[in-house]
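> only geometry, no sequence info:
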């Protein structure tokens, strides 16, 4: 299910970007068009949860350590960056960049913690 979600996410993201950059869409509809990739993202999440639930305990442990690693590092970064934002030392970071950082750190953590059991 997560693979179908990934294909649909990429497709809907491309369609939404194309529509929003090429056409003058009224304000209420812009929000709906921008949210086109959200349902496929939910398919990805449901597929990943189902996959993790069906795996053995060792795989689940590695995944838990990877997501904990990602969450803790992103939390530390956002707390630090937020304090600097309040002092107007650094610019604001878009939420999409934070979400992307979580994904990359989760992938890195899965690789890093999985090495221990090979």
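That came in fine, so what should we check first? All values reported here derive from a predicted model rather than from experimental measurement.

> does residue 43 touch residue 7 like I think?
No: assessed by Cβ atoms under 8 Å, residue 43 is found out of contact with residue 7, at 9.8 Å. The C-beta positions use only the backbone N, C-alpha and C, and glycine is treated the same way.

> higher neighbour count, the two?
Legend: neighbour count by other Cβ atoms under 10 Å for residue 43 and residue 7, higher for residue 43 (18 against 12).

> buried sites along stretch 7-17?
Going by neighbour count (16 or more other Cβ atoms under 10 Å), the buried part of stretch 7-17 is 8, 9, 12, 16.

> mind telling me what element the third one is part of?
With the criterion set as DSSP states H and E, the secondary-structure element containing residue 12 is helix 2-22.

> cool, and residue 29?
Here residue 29 sits within helix 27-34, counting by DSSP H and E.

> distance of the spatially most central residue of the chain relative to residue 111?
Centroid-nearest residue in the chain, with Cα atoms, centre = their mean: residue 99, separated by 4.3 Å. For residue 99, the distance to residue 111 equals 19 Å [Cβ to Cβ, to the nearest Å].

> just the angle between the helix holding residue 29 and helix 2-22, please?
Between helix 27-34 and helix 2-22, the angle comes out at 150 degrees (axes from the mean of the first three to the mean of the last three Cα atoms, to 10 degrees).
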